[in-house]
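Colleague: predicted model and sequence below, questions to follow.
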Amino acid sequence: MFSQRFSRFVPMTTLLIGAMIGLRSAAIGQDNFSLNGSPDTGVPEVYFYHGMVLDENLREIEPTLDNVSFVLRRFSEALAARAPETTNARMVENLRNAPIPRMDKYDELLRSVALARWLLQNDSSPQKESLDPMLRALESWATIPTREGIDDQLRNNGRLAPLLAAMELKPKDEEVRDEAPTTTPYIEKCRSEQVPIPPNFGDPKWVFQGRLDPNFSFVAEEPGSSGSVAEVWTFADPNVPGLCVGLPRINNATGGIGLFGIICQSATTGKACFWDNKDRELNLLSPEASKRLKIAEVADGSILGENCTNCHRGKNVFVIHPRQAVDVRDEFETDHGAEWYEPISGQPSWGNPRPIEGLTECNGCHEMPEVRENNNSPAPLGRISAFCRILRQVVDKTMPPDGQPAGWVHPQSHRADVELLRGKCDQF
């Protein structure tokens, strides 16, 4: 069942709103995941990882209709709880004037999205900068069970039309293309920074390197779960020094591609680019479409809601477990000539924090990046950062690579460095 701690951000006003608009959870008791409210914003404390949504224990929250609806409901409730009374009063008036009879689970999910969008449109706080992309990432996740874009569903749902009109909330127009694109501004930016551009998936230039051992995945698998496994594919352009790594996740039951991320880094400039198997409207591609993913037609680092640089940071962009399928350092150039890799995005929260000061032994192999959550802000966001979650697993499993792992809680080696890192992560 769910573990929930939302009380700090659920005053009587919000309880009244919840009762009035009829928000309810059809998901309670379905799955075992922990969903807490962020101390900073009150919204669900989740982590985004290659298209998945993870709870505080790094367990995947399965993207069932019930779970997605539940998380989005909590997101919209938390926004309402922190909104001014005048904003909540306007929201209640809109809901009263445009009631939705006989809602099903799809309607409930879409209403939560609509309320969250409207509340963020009327949000003037500094936290809006981090909450906007979080909602986009959750909306993208929400397309997995529905298999249809959120804006398409909002546009075609007649029952929600009066509410959208009352809130003056207009879904994005459908993008009409005369022909399939062959490039994007993002691709051209990456190309200008000497980043190799990956070919479409299925091209023989992609080389299969093996499957990633689930024990070295950063996702906590449930006991007995069939789940999915990540394949490792690489592409190297002979004319553009650098490397592209693609990790399609293969569903063990169906053999189809679920989630699929691609990262490319220049060996010359240290710049890196990112793509996911979502279309430009951030709707997840079908398994069949993912098998022939077309790089100019999918979402990239300029528009993705999920912030890839919460985990991919440091000297270079790749997060590599030694001696695993993703460890292709002997065959390819995974490093670069620049001092510190730089992500290409344009989104304010994407970045690569500078190295941690004060480490001694760890710096013998590589420098470590700062652990804060928002890469371009010195202030933490009030929760354990995604990078800290990964760092703990690395220290417990593979670092240092030339002997027994140091261990996070009771370090057997590199004690001073591990304690410094643990202290930084504990400040969140």
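Modeller: Yep, it's here. Numbers count the residues shown, from 1 in each chain.
Colleague: now the helices for the stretch 151-300 of the chain?
Modeller: Assigned helices in the stretch 151-300 of the chain, in chain order: 161-166, 185-192, 287-291 (criterion: DSSP state H, counting those that start in this stretch).
Colleague: just the buried residues of the longest one, please?
Modeller: Applying a neighbour-count criterion of 16 or more other Cβ atoms under 10 Å, one finds 186, 187, 189, 190 buried in helix 185-192. Heads up, the C-betas are built off the backbone N, CA and C, glycines and all.
Colleague: which elements pack onto it?
Modeller: strand 271-279 (3 or more Cβ pairs under 8 Å, 6 or more residues apart in numbering; DSSP states H and E).
Colleague: could you do the shortest one as well?
Modeller: Packing contacts for helix 287-291, counted by 3+ Cβ pairs under 8 Å, 6+ apart, involve strand 257-266.
Colleague: let's see it at 10 Å
Modeller: strand 240-251, strand 257-266, strand 271-279 (3 or more Cβ pairs under 10 Å, 6 or more residues apart in numbering; DSSP states H and E).
Colleague: show me how far it is from its chain's centre.
Modeller: Chain-centre distance of helix 287-291: 20 Å, with Cα atoms, centre = their mean, to the nearest Å.
Colleague: residue with max distance from the center of this structure?
Modeller: Residue distances from the centre of the chain (Cα atoms, centre = their mean) peak at residue 97, which lies 35.6 Å from the mean C-alpha position.
Colleague: any weak-confidence spans in the protein?
Modeller: Within the chain, the segments meeting pLDDT under 70 span 1-32, 174-179, 220-226, 373-383, 427-428.
Colleague: count the residues that sit near residue 365.
Modeller: 12 (other Cβ atoms under 10 Å).
Colleague: for it, which non-adjacent residue is spatially closest?
Modeller: In this structure, residue 365 finds its nearest non-sequential neighbour in residue 400, 7.4 Å apart by Cβ to Cβ, 6 or more residues apart in numbering.
Colleague: one more: residue 342?
Modeller: Per Cβ to Cβ, 6+ apart, closest to residue 342 is residue 271, 5.3 Å.
Colleague: one more: residue 230?
Modeller: residue 212 (4.2 Å).
Colleague: show me the strands in the stretch 1-150 of the chain, by range?
Modeller: 3-5, 34-36, 47-49, 52-54 (DSSP state E, counting those that start in this stretch).
Colleague: wait, which of those is closest to residue 391?
Modeller: strand 47-49 (13.3 Å; Cβ to Cβ).
Colleague: domain-wise, how is this protein divided?
Modeller: Following automatic domain parsing, one gets these domains for the chain: 3-166, 180-352, 356-428.
Colleague: just put those in a markdown table and tack on distance to residue 173.
Modeller: Shown next, in a markdown table, are these (distance: least, Cβ to Cβ, whole Å):
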| stretch | distance to residue 173 |
| --- | --- |
| domain 3-166 | 8 |
| domain 180-352 | 10 |
| domain 356-428 | 31 |
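Colleague: mind checking those for the one nearest to residue 172?
Modeller: Per Cβ to Cβ, nearest to residue 172 of these: domain 3-166, 4.7 Å.
Colleague: show me where the stretch 201-350 of the chain has its strands.
Modeller: 207-211, 228-237, 240-251, 257-266, 271-279, 298-300, 342-343.
Colleague: name the strands paired with the shortest one and say parallel or antiparallel.
Modeller: Spelled out, that is strand 342-343. strand 271-279 (parallel) (DSSP bridges).
Colleague: also the third one?
Modeller: Neighbouring strands of strand 240-251 in its sheet, by DSSP bridges, are strand 228-237 (antiparallel), strand 257-266 (antiparallel).
Colleague: and residue 242, which of the helices of the stretch 151-300 of the chain is closest to it?
Modeller: helix 185-192 (10.3 Å).
Colleague: could you check the angle that closest one makes with strand 257-266?
Modeller: Angle between the axes of helix 185-192 and strand 257-266 is 40 degrees (criterion: axes from the mean of the first three to the mean of the last three Cα atoms, to 10 degrees).
Colleague: still on that earlier bit, deepest-packed of the strands paired with strand 240-251, please.
Modeller: strand 257-266 (a mean of 24; mean count of other Cβ atoms under 10 Å).
Colleague: save the buried residues of helix 185-192 as a markdown table, and put in distance to residue 326 too.
Modeller: Shown next, in a markdown table, are the buried residues of helix 185-192 (distance: Cβ to Cβ, whole Å):
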| residue | distance to residue 326 |
| --- | --- |
| 186 | 24 |
| 187 | 24 |
| 189 | 26 |
| 190 | 21 |
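Colleague: tell me the two of these that are most distant?
Modeller: 187 and 189 (7.3 Å).
Colleague: what is in contact with the two at once?
Modeller: The contact sets of residue 187 and residue 189 overlap at 195, 273, 300 (Cβ atoms under 10 Å, 6 or more residues apart in numbering).
Colleague: could I get the contacting residues of the closest residue to the second one other than its chain neighbours?
Modeller: If the residues on either side of it in the chain are set aside, residue 273 comes closest to residue 190, at 4.1 Å by Cβ to Cβ, 6+ apart. Residue 190 makes contact with 184, 196-198, 264, 266, 271-275, 300-301, 344, according to Cβ under 10 Å, 6+ apart.
Colleague: pretty sure residue 113 contacts residue 139?
Modeller: Yes. Under the contact definition of Cβ atoms under 10 Å, residue 113 touches residue 139, with a separation of 6.1 Å.
Colleague: overlap in contacts of the two?
Modeller: 72, 150, 151.
Colleague: tally of neighbours for residue 274?
Modeller: Around residue 274 there are 25 residues (other Cβ under 10 Å).
Colleague: do residue 159 as well
Modeller: Residue 159 has 16 nearby residues by other Cβ under 10 Å.
Colleague: contacting residues around it?
Modeller: Counting by Cβ under 10 Å, 6+ apart, residue 159 has contacts 98, 100, 101, 102, 103, 104, 106, 107, 110, 111.
Colleague: and if we set it to 6 Å?
Modeller: 100, 107 (Cβ atoms under 6 Å, 6 or more residues apart in numbering).
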